[in-house]
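# only the shape, not the letters, is given here:
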């Protein structure tokens, strides 16, 4: 089960040159920004990944506002788990649960999720915060990740699970983030 004390969030490759070709990219970006903001309010650590930044550009500006000051992990492998800097950073948080957002669902997201599962992490994929150029690729990626043991769920479900209770001190702020998406 997710909790603020055992969870890390990943933002996988939501970059300027790739995002415009992603199906439903406006909603994905807005919901990922909300997830980032909520995780920051809840003190959940966030790791931002960038695939071959020279070719695909930096993380999109819409996420910079939510992230504030951050240092992305550069990778050239499809799975982040093949990048030593990422593995070290993830291990340093000492959390067993990982929330995954990003693109492309059937490539970098999927390979990262499969390797995280193989390494013993509990993986929660925010289905409304991942995407692919082709909607069909995302559908099959979600099926494969679910079959491998990932929890495929929604942003709202993840955030309320992190809150635990209606009397959580950040509930009103998180609720505002969620309702701003409707």
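The structure has been received and is ready for your questions. The model shown is predicted, which means the values in this text are computed figures rather than measured ones.

# host element of residue 100?
strand 97-103 (DSSP states H and E).

# neighbouring contacts of the next helix or strand after that strand?
Per DSSP H and E, strand 97-103 leads on to helix 110-118 as the next helix or strand towards the C-terminus. Contact partners of helix 110-118, identified using CB atoms under 8 Å, 6 or more residues apart in numbering, comprise 10, 12, 49, 78-82, 98, 100, 123, 125, 141, 144-145, 148-150. The way it works is simple: take the backbone N, C-alpha and C, and place the C-beta from them, glycine included.

# now, the residues you listed that are in strands?
Counting by DSSP state E, the part of these found in strands is 10, 12, 49, 98, 100, 123, 125.

# ok, the fifth one - contacts?
Residue 100 makes contact with 10, 12, 109, 112-113, 116, 123-126, 130, 150 under the criterion CB under 8 Å, 6+ apart.

# returning to that earlier point: which of the contacts of helix 110-118 are buried?
Neighbour-count burial (16 or more other CB atoms under 10 Å) applied to the contacts of helix 110-118 gives 10, 12, 49, 78-81, 98, 100, 123, 125, 141, 145, 150.

# and of the residues you listed, the nearest to residue 156?
Of all those, residue 125 has the smallest distance to residue 156: 14.0 Å, by CB to CB.

# is the closest one bridged to anything, and to what?
With DSSP bridges as the criterion, residue 125 is bridged to residue 100, residue 152.

# isn't it up against residue 152?
Yes. Using CB atoms under 8 Å, residue 125 is in contact with residue 152, at 5.0 Å.

# what touches both of these two?
Shared contacts of residue 125 and residue 152, defined by CB under 8 Å, 6+ apart, are found at 142, 145.

# which parts of stretch 131-147 are buried?
Applying 16+ other CB under 10 Å to stretch 131-147 flags 131-133, 137-138, 141-142, 145 as buried.

# the strand holding residue 100 to helix 110-118, inter-axis angle?
Following axes from the mean of the first three to the mean of the last three CA atoms, to 10 degrees, one obtains 170 degrees for the angle between strand 97-103 and helix 110-118.
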